[in-house]
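Q: Prediction below, plus the sequence it came from.
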Amino acid sequence: MFKNLVDGGKVRSFGPSRRFKFTWKGITAVAVGGVIGASLAVFILENAIFRGAKKIIAFGTVGWISLQNQKIGALVSPKQTIDQTGLSNSYHLSATNKMADWPNVINCGTLLSINSIFCHTHSDIQNYRSQGIELLDMESAALNAIIPTLGGHFSLLCVISDRIEPDFIWTNGRDHKEFKLGLEKGLLELRGISGRL
């Protein structure tokens, strides 16, 4: 239902910015943003829950940083999330939260959501690895902390789009056949689970 309420239009700006408009029972909200990022994601899902959404399922790409070998295109779901975007703190919530397991995929360690995801040094990555962090993204941990407090249920399915190798070389898999196959498998998984909701 929420999908049908969203009017997402392109706006003139640098990058893939869009304008999202929601109208429900005479109340209208508009968000303008770059599609990526915790602040816009939380804003959109707050509006979705306010308008009656109960189950939020996110499907997106993540970066793999663990020394454990996991292939680009693999479907994964973290057991725990850590939010370093600052949003959990803004809501006076714990930054570290458990994550519900996703059936039929690899349930791995910890996902860290952080701003400026492309600006990490070797020592940053070593520090994350020492903490058991395996995945990096920009918004999922904030959603995992905030959505339940608003009355919603949050589930996350990820496909590995890129990796930082043990020698710190970055492998971007966006054009790899395995990544595209992973996206297709993820969409099939979503179709299957939607019938069980």
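A: Nice, thanks for sending it over.
Q: Dump the strand or helix carrying Val159 to PDB, restricted to CA.
A: Using DSSP states H and E, Val159 sits in strand 153-164. Taking Å, rounded to 0.1, in the frame of the first residue of the first chain, the C-alpha atoms of strand 153-164 are listed here in PDB:
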ATOM      1  CA  HIS A 153       9.200  -4.700  12.500                       C
ATOM      2  CA  PHE A 154      12.400  -4.500  10.400                       C
ATOM      3  CA  SER A 155      14.000  -7.300   8.400                       C
ATOM      4  CA  LEU A 156      17.200  -7.000   6.300                       C
ATOM      5  CA  LEU A 157      18.400  -8.900   3.300                       C
ATOM      6  CA  CYS A 158      21.700  -7.900   1.700                       C
ATOM      7  CA  VAL A 159      23.700  -8.800  -1.400                       C
ATOM      8  CA  ILE A 160      27.500  -8.300  -1.300                       C
ATOM      9  CA  SER A 161      28.400  -5.700  -3.900                       C
ATOM     10  CA  ASP A 162      32.000  -5.100  -3.100                       C
ATOM     11  CA  ARG A 163      34.800  -6.300  -0.800                       C
ATOM     12  CA  ILE A 164      37.900  -5.100   0.900                       C
END
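Q: Could you spell out the sheet neighbours of it, each with its direction?
A: strand 55-64 (parallel), strand 75-84 (antiparallel), strand 170-172 (antiparallel) (DSSP bridges).
Q: Please identify the helix or strand for Glu46.
A: helix 38-50.
Q: the inter-axis angle of that helix versus strand 55-64?
A: Relative orientation of helix 38-50 versus strand 55-64 (axes from the mean of the first three to the mean of the last three C-alpha atoms, to 10 degrees): 160 degrees.
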